[in-house]
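> Here is a sequence with its predicted model. Questions after.
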Amino acid sequence: MLFAMKYFSGIGLAAPQVGILRKMIVVEVEGRITKLANPQILRVKGADVMEERCLSVPGLGVDIVRPYEAIIKGLNEEGQAVEIKAKGLFARVLQHEIDHLCGKLIVDYLSFWQSLKFKVKALR
Ligand SMILES: [Zn+2]
């Protein structure tokens, strides 16, 4: 997963994106690599908007409002329970990847008209 993420110049990847049907994510922000299994968002705080892109939806950028801070629990590579306090971009990428595990993509944040415009563009 880490190889695939780096190969496609991503900063996060969820297992289902590469055909692995497991609740696992890998994130790399500011040189810190985080690997989590069964990640769950425990608490969130604040709000922030940023354009997000996704390896699964090439060519689309969507402004998404997300909590600025998030406390996330999961299992690390050794199978130990960990709790991560994340802020800013790190929190955003973790939340984006957890969305993938719930079957949610950045296109699901588009308004009806934005979504229609994207679909028409994709048909061309
Ligand atoms: Zn994505």
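Sure thing, it's come through.
> Wait, a helix at K121?
Yes: counting by DSSP: H, G, I helix; E, B strand; the rest coil, K121 is located in a helix.
> Kindly tell me how buried it is, as a neighbour count.
Other residues within reach of K121, judged by other Cβ atoms under 10 Å, total 10. In short, each C-beta sits where N, CA and C put it, glycine included.
> what pLDDT does it get?
With respect to pLDDT, K121 scores 85.
> where do the helices sit along this protein?
With helices called from DSSP state H, the chain shows them at 2-7, 88-101, 112-123.
> among these, which is nearest V44?
For V44, the closest of the helices of the chain is helix 88-101, at 8.1 Å, according to Cβ to Cβ.
> Identify the residues contacting that closest one?
By Cβ atoms under 8 Å, 6 or more residues apart in numbering, the surrounding residues in contact with helix 88-101 are 11-17, 23, 25-27, 29-30, 32, 34, 36, 39-41, 48, 50, 52, 54, 56, 66-70, 72, 84, 86, 105-106, 108.
> What residues of that helix count as buried?
Going by neighbour count (16 or more other Cβ atoms under 10 Å), the buried part of helix 88-101 is F90, A91, R92, V93, L94, Q95, H96, E97, I98, D99, H100, L101.
> List just the nearest of those to G79.
Nearest to G79, judged by Cβ to Cβ, of these is L101 at 17.8 Å.
> State the distance from the closest one to V49.
L101 sits at a distance of 23 Å from V49 (criterion: Cβ to Cβ, to the nearest Å).
> same deal with G74?
26 Å.
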